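model the structure of this input:
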Amino acid sequence: MKKRLLIIAAALGLITLIAVPFAFAQHAGRHFGHQGGGDLGVMMLGHLQHAKHVLGLSDQQVADIENIVKDLRTQNQPYRESLHSGLAGVVQTLINNPNDLAGAQAQLDKQTEAERQMKSNALVAVSKALNVLTPDQRGKLQDLVQDHLARRTAREK
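Numbering: from 1, shown residues only. Next up is the predicted model:
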């Protein structure tokens, strides 16, 4: 009876260890544009027509912002690919040698650096896009952001 219980416990533990990297990969994918979520470029282009109306953007401003977003997407493409393939590499490293934590950690560190670079690129792109706006348009945008944050905070309560 003890042997059977030990085997079941070991099997459940192994299943849990195997499932964690896949759950992490799925979670990370949602944050970096896979499955349609979280991609700054997609969000910005999707809301650009609404912003044109609300902020009173000119056609030239819209074109400039579209170019900034396209450049960001192109610039971050290698990082998105790295994030996608890198997590598979972490899993494979641990499958090949479950004790190679240093190798898996090195791959995770590369993932973290890719994420940091993508965020840095997005920060630069947002700065460029905000520089396309007039001071009045930036003020309107700030009001919209504050309203959005207030509604979000109210929903969370």
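
I'd say residue 89 and residue 107 touch.
Yes: using CB atoms under 8 Å, residue 89 makes contact with residue 107 at a distance of 5.2 Å. The way it works is simple: take the backbone N, C-alpha and C, and place the C-beta from them, glycine included.

mind checking which of the two has more residues around it?
Shown here are residue 89 and residue 107; by other CB atoms under 10 Å, residue 107 has more neighbours (20 against 16).

sec struct for the more buried one, please.
Classification of residue 107 by DSSP: H, G, I helix; E, B strand; the rest coil places it in helix.

per-residue confidence at it?
If you check residue 107, the pLDDT there is 89.

what's the answer for residue 58, then?
At residue 58, the model reports a pLDDT of 93.

and for it, the neighbour number?
Neighbours around residue 58, by other CB under 10 Å: 12.

any idea how far the host helix or strand of residue 120 is from the chain center?
Assigned by DSSP states H and E, residue 120 belongs to helix 101-132. From the chain centre to the centre of helix 101-132 is a distance of 9 Å (CA atoms, centre = their mean, to the nearest Å).

what packs against whichever helix or strand comes after it?
Sequence order places helix 135-156 as the next helix or strand after helix 101-132, per DSSP H and E. Helices and strands touching helix 135-156, as assessed by 3 or more CB pairs under 8 Å, 6 or more residues apart in numbering; DSSP states H and E, comprise helix 40-55.
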